[in-house]
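[1] Got a predicted structure here, sequence first:
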Amino acid sequence: MAVFGRAVVRMVIVICGVLAGVRAAAALTPDEGILAFASDRDGDYDIYLLDVHSGYAHNLRRGDHDSQDDQPSWSPDGMRLAYRAHRDGTNRLMIYDMAAGSSREVMPNAIGSPSMTPVWTPDGTQISLVVPGGFLGFVDADSGQTQYPLTTIYPLTHTWAPDGGQIIYSRPYSIFSVRLYALDLLTGRQRSLTPPRGAYTFPDWSPANDALAVIHRRDIYVLDPGCLPGCVALGRRLTDSAEFKVWPTWSPDGRLIAFECLDNASSQICLIDVESGVRRQLTHSPDHVRNIKPAWRPR
């Protein structure tokens, strides 16, 4: 009887701890250093919130096995999280409300592009994403009303300038290269930012609007958007290792960059200090687990 009682007590403690974690994750303020990322550590891909300081990761949608959830993207106020849910053979745009602790479907099964890659506009009213055919379109975050194609730029990934004036995106140029382009949203003018040769992918604009993080030759480089094109060779190389890096994302204060680091066996979330170059690994999952697409919560 005593053994049974102790087991019940332990179970209650575990349950209370889980519930406390859920409440704490829902109540987190944007100043606490939070990363969202996707992981299949529980079987299906789910969205997780990671406390950068403690390393604690919370499954935001534990128990929902109806869809594969990935590609998280924060609203500018840090209170909503857009993500892609793959369900019944189609991709759906979803938004998780941090205050309500629940998700809603913004666009039903109208999106078939496997890339999607949702990104919030700087004013927080719309979400830009890749729609069928490779076009870039807009979705109203409240009504779900769509406006696409915005333009025929065929982006792989894209990032907004903090002032909302332009988008920088990556697009295949030839079988051997992927180039960065800038789209001026006022004039519609597009210009190439990188040389015809080489691969420049996963651009992410810094919060201060003064630097651009990109992946080039499997490493992270920081470029000055003001001198592009023509100054790629002057870009600062932050990493130098054999593993692949993808999806760099700036911290709100611009001091750190989180990214997905991959080798043949694992995919983890890593972090690097932009000034010192000091790097650390934030997740330590087994080789068969994938931790992908980090997104830093804004202040």
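    Okay, I see it.

[2] Run through the strands of the stretch 51-200 of the chain in chain order.
    Remark: strands assigned in the stretch 51-200 of the chain by DSSP state E, counting those that start in this stretch are 57-59, 68-74, 80-87, 90-97, 102-111, 119-120, 126-131, 135-140, 146-151, 158-160, 166-174, 177-184, 190-192, 198-205.

[3] Could you tell me the least trusted of those?
    The minimum mean pLDDT among these belongs to strand 146-151 (a mean of 68).

[4] one step back: can you add mean neighbour count and distance to Gly226 and give the strands of the stretch 51-200 of the chain back as TSV?
    Backbone N, C-alpha and C define where each C-beta goes, glycine included. Formatted as TSV, the strands of the stretch 51-200 of the chain follow (neighbours: other CB atoms under 10 Å; distance: least, CB to CB, whole Å):
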stretch	mean neighbour count	distance to Gly226
strand 57-59	19	37
strand 68-74	22	26
strand 80-87	22	29
strand 90-97	20	33
strand 102-111	16	35
strand 119-120	23	22
strand 126-131	24	23
strand 135-140	20	24
strand 146-151	15	23
strand 158-160	23	16
strand 166-174	20	12
strand 177-184	20	11
strand 190-192	14	13
strand 198-205	22	12
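
[5] Of all the ones you listed, which one comes closest to Trp296?
    Nearest to Trp296 among these is strand 68-74 (7.3 Å), distances taken as CB to CB.

[6] Can you check what angle separates that closest one from strand 80-87?
    Here strand 68-74 runs at an angle of 160 degrees relative to strand 80-87 (axes from the mean of the first three to the mean of the last three CA atoms, to 10 degrees).

[7] quick one, strand 68-74 and strand 90-97 angle?
    With the same axes, to 10 degrees as the basis, strand 68-74 and strand 90-97 are set at 50 degrees to each other.

[8] And the pLDDT for the closest residue to Val278 other than its chain neighbours?
    In space, and not counting its chain neighbours, Val278 is closest to Ile272: 7.1 Å by CB to CB, 6 or more residues apart in numbering. pLDDT, Ile272: 95.
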